[in-house]
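Participant: Sequence plus predicted model, see below.
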Amino acid sequence: MAFHSTTEHRNLAKRHLKSKVFAAFCGAVTWSSVVLLVVLLYQVSVDGFRWLDWQFIDSFPSRFPERAGIKSALVGTIWLILLVALISIPVGVSAALYLEEFATKGRISKMIEVNIANLAGVPSIVYGILGLAIFVRYFALERSLLSGALTMSLLILPVIIIASREAIKTVPVSIRYAAYSLGATKWQTTWAHVLPASFPGIMTGVILALSRAIGETAPLVMIGALTFVAFLPEGPMDSFTALPIQIYNWVSRPQQEFHELAAAGIIVLLTVLLLMNSTAIYIRNKTEKRLR
Amino acid sequence: MTVELNQKKVTEAPREADRVTSLQSSKIRWGELGIRIWLAFCALISVFTTIAIIVLLASETLKFFTAVSPAEFFLGTTWTPLFEPSAFGVLPLLWGTFLVTLGAAVIAIPAGLASAIYLSEYASDRVRGIVKPILELLAGIPTVVYGYFALTFVTPTLRNVFSDLQVFNALSAAIVVGIMILPMVATLSDNAMRAVPVSLRQGAYALGATSYEVTTKVVVPASLSGVMASFLLAISRAIGETMAVTLAAGQTPNISLSMFESIQTMTAYIVQVSLGDTPTGGIAYQTLFAVATLLFAITLAINILSQLILNRFREVYE
Amino acid sequence: MKFARWIHVVFAAGISFFLSSCSQEEEAVGQGSELRGAVSLDGSSTVYPISEAIAEEFLSIAPRVRVTVGVSGTGGGFKKFLSGEIDINDASRTIKESEEAEAEASGIDFLEIPVAFDGLSVVVNPNNTWVDWLTVDELQMIWQPGSMVDSWDDIRADWPARPIRLYGPGTDSGTFDYFTEVINGESGASRPDYTASEDDNVLVQGISGDENALGFFGYAYYIENKESLKIVPVDGGSGPVVPTAQTINEGTYSPLSRPVFIYLNAESLSRPEVRSFVDFYIDNAGAIASEVGYIALPTEMYETSKNAVRAK
């Protein structure tokens, strides 16, 4: 006796066909996202390529497209990365350490955890408003690099905390106990053992958070960084502009040349991001093996 | 760093947090205490941030509502706050946000889910190794780039097909935001689906199910909480999206069923009013906060909902 | 151990970098290339092209002076000017009485300097074949508060029955104030249902992409984008006039010809870099204005302004 009757057989064939079609469909959808990315990058490159030369990087923005460049924007972005890193890394890692190592697990720490998860989902423009009211107005820091950096730090702080916590969690408990058993205090253990062990994971998370910060425009627009800036900031209290803002500025102009300039600016921005992400991956690979 | 062995006798019972973790006496080490305070302070900054956001938004919004009635705000269909006569009905902005978000969800949710299914059920490890980083790349592209893409590629291409599409329209913005949040749906759903134990799948296969049936009847339902959470988070991100919609969708508050016209989202309005740093006080400043509070409330509600779904309905295996 | 040292190095480097740049003093010393300091401008998007160009040229003679130019609109710029946040306000209209009163109350002594003539231009999409000119009355009919004009044939019966879509500056714009005053009779009185933006670039993009569009903004934005826009001659009572350098200068393009200004904070003039910038501005406003698309004032007017500045 056959296990399958003819109807079941036909049915089975149909079902398998359905499966194959479904698999092919899902695959097609997935690969079209890849295609989309390629199209986007191609589009940007083609538009912006002819403007991309040393003069473009070395010049200030101008009303003449031929003369315009992103020097002030690039330097501003670099300043921002440095300042944001300087502010958010210590604070973020400290907070993560506290929550993972030092806090008594209870209702309060759970509440803080939920709070941080919520903050990570708040739209960036709300952080912009926060920055405007607190740093620009209340602390009277005006439209300075410091205001921008502080606002951005607040924005990525939840991300850094979450990523750092994940990294710290992966450190085996045995390392901690070993240190304690030798008489180390909590902080000594943390500083000398837990932190170095979770360092690669933390760094990866930090760099990814920083790359998010660089691409954000809305908070900087809110604190008033949308101006013509044709100089390099010399200190944290100076006005500034940044790559995404300059790009936004150029995209808003109706002339075709400025759109192409925007594309060139985008290429520079994406290159910076690529560099940062590659660094993250490199660090992750380099240091991951050591722990094993 | 050398480890000190402290020879002092234990004079009082060690605190709970230290009980297992230190053989030292409970004499207060001021260095440790100082560090602990600093660490706690950093952790509390997140709390301060939330409090600051709430206080700030609430205080200005309350001022707003002394000038404008909540009924007018929530039910009015005209948004012309800066004109005479001024109208403060926020529905056009809400509608604009809704249109763009809906369009983005229509694109991102099916496509993201399909990608997640492909990645977790069908793709080989090598393919995963290629596609996953590409998705991460898509997710990491700054929003202003998507705005550029919408204006210079999507809108012109669409206008060749639909001749009555305006330069600023909701459709281009929706498409581009959809592409932006697609990786989020894909990655989060993929994680959720991979968490389903192989044994469940194998059991279904053993009963003669095809891969399609296994996916749709076993894997997806089993990971439903994670999948739904991913949808909600992606939607919340779409609602909060600013630069791409400001560039692509325009600045005309407008309740219209057509996605071919210019609309204004809540986020685009906030940017418009603050183009160059809004001075404190005055009704313009307050409208900014009223809209921002609404935006914040909506995204917060969705985020909390997604966390609830994730926690309450998550199937825990072994 | 290595890790700890690494962290210390990073922190030390960061903090010393931070501190060393913090101590930069904003001193303006000497002339030209030794001048240092900052000059802040903000205000009208109409005047922006002039101020931006001047700032850019000023860079070449005083590279260490940091000039920033914002675009908050004439009204927005005045708010900042009156709270002392900026040194110069770009304005496409004269200061209002209420703003003058506020200046007195805050103790801000200001100077009004006209810098160019603008011919406020009414534009439509290049594919708009039916509009040949518009009278001032027709403009009022379209733009007045409570206007019921929704389609082109509401204006003239022989025009096509296509929806009319309006674009114009927002309420913070001096251009908006001027247009509404001259066309609708009261500054600020306008129908609210149009695409409003202080950023004239947005308006240009919108109009050039929308066949049914009608909008207005400063002449420079029209000239800059001539290929994507169609100018509408305006009949102010003596026949339709196209805005050109000549008609604006002579005043025959009326009533939409108007001077645009910069307002100086007299106290800021005590800083050498600001004074130097202002002198440079007035000296070059004529040439730059023509370059960006506006019309230079007669030289005597610039002379008068210079003397006024010298007197402060």
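Facilitator: That came through fine. Worth saying up front: this structure is predicted, and the values here are computed from it rather than measured. Numbers count the residues shown, from 1 in each chain, chains lettered A, B, ... in the order given.

Participant: remind me, longest helix of the chain?
Facilitator: Defaulting to chain A. helix A:6-48 (DSSP state H).

Participant: wait, I meant chain B there
Facilitator: Chain B, longest helix under DSSP H: helix B:30-67.

Participant: Would you list the phi and psi of the closest residue to chain B within chain C?
Facilitator: Residue nearest to chain B within chain C (CB to the nearest CB): C:Gly209, separated by 2.7 Å. To be clear about C-beta, it is placed using only N, CA and C from the backbone, and glycine gets the same treatment. Taking degrees, to the nearest 10, you get phi -110, psi 0 for the backbone angles of C:Gly209.

Participant: OK, contacts around the residue lying closest to it once chain neighbours are set aside?
Facilitator: Ranked by CB to CB, 6 or more residues apart in numbering or on different chains and with sequence neighbours excluded, the top spatial neighbour of C:Gly209 is B:Val167, at 2.7 Å. Applying CB atoms under 8 Å, 6 or more residues apart in numbering or on different chains, we find B:Val167 in contact with B:Thr155, B:Gly250, B:Ser262, C:Gln205, C:Gly206, C:Ser208, C:Gly209, C:Asp210.

Participant: Among those, name the buried ones.
Facilitator: B:Thr155, B:Gly250, B:Ser262, C:Gln205, C:Gly206, C:Ser208, C:Gly209, C:Asp210 (16 or more other CB atoms under 10 Å in any protein chain shown).

Participant: Enumerate every residue touching the closest residue to C:Glu198 other than its chain neighbours.
Facilitator: In this structure, C:Glu198 finds its nearest non-sequential neighbour in C:Gly73, 4.2 Å apart by CB to CB, 6+ apart. Shown in contact with C:Gly73 (CB under 8 Å, 6+ apart): B:Leu275, B:Gly276, C:Gly43, C:Ser44, C:Ser45, C:Pro169, C:Gly170, C:Thr171, C:Asp172, C:Ser173, C:Gly174, C:Glu198.

Participant: now, which of the residues you listed lie within strands?
Facilitator: C:Gly43 (DSSP state E).

Participant: residues near the closest residue to C:Glu224 other than its chain neighbours, how many?
Facilitator: Once flanking residues are discounted, C:Glu224 sits nearest to C:Gly293: 6.0 Å by CB to CB, 6+ apart. Using other CB atoms under 10 Å in any protein chain shown, C:Gly293 is surrounded by 22 other residues.

Participant: What backbone torsions are found at C:Gly293?
Facilitator: When read as degrees, to the nearest 10, the backbone of C:Gly293 gives phi 120, psi 0.

Participant: what's the helix or strand for the residue nearest the centre of chain B?
Facilitator: By CA atoms, centre = their mean, chain B has its centre lying nearest to B:Arg237, at 2.9 Å. Following DSSP states H and E, one finds B:Arg237 within helix B:224-240.

Participant: Quick check: the nearest residue to C:Ser208 once chain neighbours are set aside vs B:Gln307, distance?
Facilitator: Counting by CB to CB, 6+ apart, C:Ser228 is the residue found nearest to C:Ser208 once chain neighbours are left out, at 3.7 Å. Distance of C:Ser228 to B:Gln307, computed by CB to CB, to the nearest Å: 49 Å.

Participant: if we can go back for a sec, dump the residue contacts of the residue nearest to C:Glu224.
Facilitator: Neighbour list for C:Gly293: C:Pro49, C:Tyr219, C:Ala220, C:Tyr221, C:Tyr222, C:Ile223, C:Glu224 [criterion: CB under 8 Å, 6+ apart].

Participant: Go through those and say which is closest to B:Leu295.
Facilitator: The nearest member of those to B:Leu295, counting by CB to CB, is C:Tyr221 at 31.8 Å.

Participant: residues in contact with the helix or strand containing that closest one?
Facilitator: Per DSSP H and E, C:Tyr221 falls inside helix C:219-224. By CB under 8 Å, 6+ apart, the residues outside helix C:219-224 that reach it are A:255, C:46, C:49-50, C:118-121, C:123, C:200-201, C:203-204, C:229, C:231, C:243, C:248, C:292-295.

Participant: got any ranges where chain A has weak pLDDT?
Facilitator: In the predicted model, chain A carries pLDDT under 70 at residues A:1-5, A:7-9, A:225-226, A:288-292.

Participant: Pull the contacting residues for the residue positioned nearest the centre of it.
Facilitator: Nearest to the geometric centre of chain A sits A:Arg212, at 2.1 Å (CA atoms, centre = their mean). A:Arg212 sits next to A:Ile156, A:Val159, B:Gly140 when contact means CB under 8 Å, 6+ apart.

Participant: Look up how far A:Ile81 lies from it.
Facilitator: 12 Å.

Participant: What is the neighbour count of residue 148?
Facilitator: This is for chain A. Counted with other CB under 10 Å, A:Gly148 comes out at 32.

Participant: you looked at the wrong chain, it should be chain B
Facilitator: Burial of B:Tyr148 is recorded as 30 neighbouring residues (other CB under 10 Å).

Participant: show me the contacts for it.
Facilitator: Going by CB under 8 Å, 6+ apart, B:Tyr148 touches A:Val44, A:Ile247, A:Val251, A:His259, A:Ala262, A:Ala263, A:Ile266, B:Leu247.

Participant: correct me, but the first one touches A:Val268?
Facilitator: Which is A:Val44. No: between A:Val44 and A:Val268 there is no contact under CB atoms under 8 Å: 10.8 Å.

Participant: Between these two, tell me which one has more neighbours.
Facilitator: Neighbours per residue, other CB under 10 Å: of A:Val44 and A:Val268, the larger number sits with A:Val44, 24 against 20.

Participant: gap between that one and A:Leu36?
Facilitator: Separation of A:Val44 from A:Leu36 (CB to CB) stands at 13 Å.

Participant: A:Ile89 too?
Facilitator: 34 Å.

Participant: for B:Ala105, what are its contacts?
Facilitator: B:Gly178, B:Phe231, B:Ala234, B:Ile235, B:Ala238.

Participant: what's the farthest-apart pair in those residues?
Facilitator: B:Gly178 and B:Phe231 (12.6 Å).

Participant: Could you dump the contacts of C:Gly293 into CSV and include pLDDT and neighbour count?
Facilitator: Shown next, in CSV, are the contacts of C:Gly293 (pLDDT from 0 to 100; neighbours: other CB atoms under 10 Å in any protein chain shown):
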residue, pLDDT, neighbour count
C:Pro49, 89, 25
C:Tyr219, 89, 26
C:Ala220, 88, 26
C:Tyr221, 90, 25
C:Tyr222, 91, 24
C:Ile223, 89, 19
C:Glu224, 87, 21
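
Participant: Now the two most distant members of those residues.
Facilitator: Top of the distance list for the contacts of C:Gly293 (CB to CB): C:Pro49 and C:Tyr222, 11.8 Å.

Participant: quick one: the strands in the chain?
Facilitator: You didn't pick a chain, so chain A it is. Taking DSSP E, the strands of chain A run over residues A:228-229.

Participant: actually chain C
Facilitator: According to DSSP E, the strands that chain C contains are C:37-43, C:65-69, C:88-91, C:110-119, C:121-124, C:134-135, C:165-168, C:195-196, C:213-217, C:230-231, C:234-235, C:240-241, C:257-265.
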